[in-house]
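> fold the following and give me the result.
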Amino acid sequence: MRITKVFWYAVIICIAIVLWGSFAPDHLNELTESVTNFIYNQFGWFYMVVIMAMISFCIYMMFSRFGKIKLGKDDDEPDFSLPAWFAMLFSAGMGIGLMFFTTAETISHAFIKSPNAVPGSEQAILESLQYTSLHWGFHGWGLYAVVGLIFAYFKFRVGAPGLISATLEPLFGKKIMRGPIGQLVDTLAIFATVVGVASTLGFGSAQINSGLTFLFNAPKAFWFQLIILVIATVIFIISAWSGIGNGIKYLSSINMWLAVLLLCTLFIVGPSMYIINMFTTTIGNYISNFIQMSFELKPVNRDQREWINDWTIFYWAWWISWAPFVGMFIARVSKGRTIKQFIVGVLIAPTLVTFIFFAVFGGSALNLEQHGIAKLSKLATETVTFGMYEYYPIGMILSFLTVIVIAIFFITSADSATFVLGMFSTGGQLNPSNVVKIVWGLILSAMAAIVMYSGGLEGFQNMLIIAALPFSIILILMAISFYKTIKQTE
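Reported below is the predicted structural model:
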């Protein structure tokens, strides 16, 4: 077992943040909020440009002469079947967020605060799915595709360690990147991953609690969420212990089939024609307004700019912060695929699946509120999906299946994160020791528990946004380093 200095640096920082969030959550929230607002207002444009640059880079690599290059040696074959590969990359990259925001975000844009229209108007309803597609589509997956591609190329084609610092060596040299600067870069990646995943585990515990309350009248309290977290922690540590080829692969595959079953069932019992019409219209609006939405900052309207900050720029920063973790995990399971296959699988396929999920779940929710059947906009974010099920046939069955899907997404996101954190903190080892994975699993759960207890979730999310700024610069340097290397060697 090889423990690096980066491991200890990251652990100490995480413990310090946990203590800060536990004993002074208000101070944490206030300080990080002021920094976050500064970043939103001064660097929102920069996030927009970076995200679009990554999508452009993906498209170029897919159709360039480099598209046929394998992520590995020329005779390497993929380690996983196409369905298993897609299930793992989708579960790691989307996870709980897909189930948490499919209905809640759509309802928010349509009936609480709209980017361009009066809430509840026809324009607001139509734009709700258009903007959720923006936030969860090509922009985020394009970012994951670039980071994953760079990691996979350097690890399996070049033979470099599985570290962010290793991808920058062609620009700055081994001497610099294997010293304090490289350790700082790798520590930042670990910190962003821990904070991001811990926040997501907090979301997941709250939504599972909400589902169990809806189904079985379970208490909605911190102690009950803590029980949920403890049970999930035991399961995802066991899954991480068993490795990618066993626990993570099987759980991801099972969950994708369950999610598809849930999707198809809701489509059948829900407003099917309404969903189809909304999906078709959304695709048209998304394509027609893609460039405008991608660079939209609302510079002359303060209220609309606030919406852009709270949603679009927040999402871009969140995707950037998650990129080290998800990108490395996707790279780890993508050995043997060509660059073109990789980009199609990571950029295009997940985006299309995400659009369908939002159309079915978001459309089903919109149909209820638009026609005055339910007031879902009055419900808490984690409760909207279960509140929607009350008005459709077999709602209890759908709720039960949703709780299972959320729980498994919860587990697959966490065990994927522990695996990647183990790689980052052991010098880039492809199969980090179980002890290291267990340590990171316990740290993730401890952070999630303390965040839920102290109410410091907002502060942790703000730190995620703050961490995204330096990493966005690192991301640009990674892309330049990658292109320099592939151009010289292929």
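
> next secondary structure after the top helix by length along the chain?
The helix that spans the most residues within the chain, counting by DSSP state H, is helix 25-63. Sequence order places helix 82-93 as the next helix or strand after helix 25-63, per DSSP states H and E.

> and that following helix, how far out from the chain middle?
13 Å (Cα atoms, centre = their mean, to the nearest Å).

> over to stretch 360-371?
24 Å.

> okay, buried residues for it please.
Of all the residues in stretch 360-371, those buried under the rule 16 or more other Cβ atoms under 10 Å are Val360, Phe361, Gly362, Gly363, Ser364, Ala365, Leu366, Asn367, Leu368, Glu369. Placement of C-beta: from N, CA and C, glycine included.

> now do the contacts for the closest residue to Leu401 other than its chain neighbours.
Using Cβ to Cβ, 6 or more residues apart in numbering and skipping residues adjacent in sequence, the residue nearest Leu401 is Leu262, 5.1 Å away. Going by Cβ atoms under 8 Å, 6 or more residues apart in numbering, Leu262 touches Leu398, Leu401, Thr402, Val405.

> rerun that using 10 Å as the cut-off
Going by Cβ atoms under 10 Å, 6 or more residues apart in numbering, Leu262 touches Met99, Phe357, Val360, Phe361, Ile397, Leu398, Leu401, Thr402, Ile404, Val405.

> now the buried members of the residues you listed.
Met99, Phe357, Val360, Phe361, Leu398, Leu401, Thr402, Ile404, Val405.

> which pair in those spans the largest distance?
Val360 and Ile404 (17.7 Å; Cβ to Cβ).

> would you mind giving the buried ones among the contacts of Leu262 as CSV with pLDDT added?
Formatted as CSV, the buried ones among the contacts of Leu262 follow (pLDDT from 0 to 100):
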residue, pLDDT
Met99, 76
Phe357, 94
Val360, 97
Phe361, 96
Leu398, 92
Leu401, 90
Thr402, 89
Ile404, 88
Val405, 86
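
> nearest to Ile343, of those residues?
Relative to Ile343, and with distances defined as Cβ to Cβ, the nearest of the buried ones among the contacts of Leu262 is Phe357, at 21.1 Å.

> so the closest one versus Phe100, what's the distance?
12 Å (Cβ to Cβ, to the nearest Å).

> same thing with Pro271?
Taken as Cβ to Cβ, the span from Pro271 to Phe100 is 22 Å.

> what's the answer for Pro432, then?
29 Å.

> report the contact partners of Gly72.
Pro78, Asp79, Ala152, Tyr153, Lys155, Phe156, Arg157, Ser334, Lys335, Gly336, Arg337, Thr338.

> counting neighbours, what do you get for Asp310?
Neighbour count of Asp310, defined by other Cβ atoms under 10 Å: 12.

> you'd agree it is up against Tyr40?
Yes - the pair Asp310 / Tyr40 is scored as a contact, 8.6 Å apart, by Cβ atoms under 10 Å.

> now the buried ones among the contacts of Leu262 as CSV including secondary structure and distance to Glu490?
Below are the buried ones among the contacts of Leu262 laid out as CSV (DSSP: H, G, I helix; E, B strand; the rest coil; distance: Cβ to Cβ, whole Å):
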residue, secondary structure, distance to Glu490
Met99, helix, 40
Phe357, helix, 37
Val360, helix, 42
Phe361, helix, 42
Leu398, helix, 49
Leu401, helix, 46
Thr402, helix, 46
Ile404, helix, 45
Val405, helix, 41
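
> just curious, which of those is nearest to Gly211?
Thr402 (6.1 Å).

> where does this structure dip in pLDDT?
Along the chain, the model assigns pLDDT under 70 to residues 1-2, 95-96, 240, 242-247, 451, 454-460.

> restricting to C-alpha, output stretch 333-343 in PDB.
Extracted in PDB, the C-alpha atoms of stretch 333-343 (Å, rounded to 0.1, in the frame of the first residue of the first chain):
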ATOM      1  CA  VAL A 333     -13.300   1.900 -17.400                       C
ATOM      2  CA  SER A 334     -12.600   3.000 -21.000                       C
ATOM      3  CA  LYS A 335      -9.300   1.200 -21.900                       C
ATOM      4  CA  GLY A 336      -9.300  -0.200 -25.400                       C
ATOM      5  CA  ARG A 337     -11.900   2.100 -27.000                       C
ATOM      6  CA  THR A 338     -11.000   4.500 -29.800                       C
ATOM      7  CA  ILE A 339     -11.200   8.200 -29.200                       C
ATOM      8  CA  LYS A 340     -14.200   8.500 -31.500                       C
ATOM      9  CA  GLN A 341     -16.000   5.600 -29.700                       C
ATOM     10  CA  PHE A 342     -15.200   7.200 -26.400                       C
ATOM     11  CA  ILE A 343     -16.600  10.700 -27.300                       C
END
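
> how far does that stretch sit from the chain's center?
20 Å.

> what of stretch 164-177?
27 Å.

> need the distance between the two termini of it.
Stretch 164-177 has an end-to-end distance of 9 Å (criterion: Cα to Cα, to the nearest Å).

> buried ones in that stretch?
With burial defined by 16+ other Cβ under 10 Å, the residues of stretch 164-177 counted as buried are Ile164, Ser165, Ala166, Thr167, Leu168, Glu169, Pro170, Met177.

> following the chain past the strand or helix carrying Leu251, name the next helix or strand.
Using DSSP H and E, Leu251 sits in helix 249-269. Counting by DSSP H and E, the next helix or strand C-terminal to helix 249-269 is helix 272-288.

> now that following helix: buried residues?
Result for helix 272-288 [16+ other Cβ under 10 Å]: buried residues Tyr274, Ile275, Met278, Phe279, Thr282, Ile283, Asn285, Tyr286.

> what of stretch 338-353?
Those would be 338-351, 353, for stretch 338-353 by 16+ other Cβ under 10 Å.

> C-alpha coordinates for the helix holding Leu251, PDB please?
Extracted in PDB, the C-alpha atoms of helix 249-269 (Å, rounded to 0.1, in the frame of the first residue of the first chain):
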ATOM      1  CA  LYS A 249     -20.100  -2.900 -12.600                       C
ATOM      2  CA  TYR A 250     -23.100  -5.100 -11.400                       C
ATOM      3  CA  LEU A 251     -24.700  -2.400  -9.300                       C
ATOM      4  CA  SER A 252     -24.400   0.100 -12.200                       C
ATOM      5  CA  SER A 253     -25.900  -2.300 -14.700                       C
ATOM      6  CA  ILE A 254     -28.800  -3.300 -12.400                       C
ATOM      7  CA  ASN A 255     -29.600   0.300 -11.700                       C
ATOM      8  CA  MET A 256     -29.600   1.300 -15.300                       C
ATOM      9  CA  TRP A 257     -32.200  -1.400 -16.100                       C
ATOM     10  CA  LEU A 258     -34.300  -0.300 -13.000                       C
ATOM     11  CA  ALA A 259     -34.100   3.300 -14.100                       C
ATOM     12  CA  VAL A 260     -35.200   2.400 -17.600                       C
ATOM     13  CA  LEU A 261     -38.100   0.300 -16.200                       C
ATOM     14  CA  LEU A 262     -39.100   3.300 -14.000                       C
ATOM     15  CA  LEU A 263     -38.900   5.600 -17.000                       C
ATOM     16  CA  CYS A 264     -41.000   3.400 -19.300                       C
ATOM     17  CA  THR A 265     -43.600   2.800 -16.600                       C
ATOM     18  CA  LEU A 266     -44.100   6.500 -15.900                       C
ATOM     19  CA  PHE A 267     -44.300   7.200 -19.600                       C
ATOM     20  CA  ILE A 268     -47.100   4.600 -20.000                       C
ATOM     21  CA  VAL A 269     -49.200   5.600 -16.900                       C
END
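
> which residue is the nearest non-sequential neighbour of Ala414?
Ala414 sits nearest to Phe236 (Cβ to Cβ, 6+ apart), 4.1 Å away.
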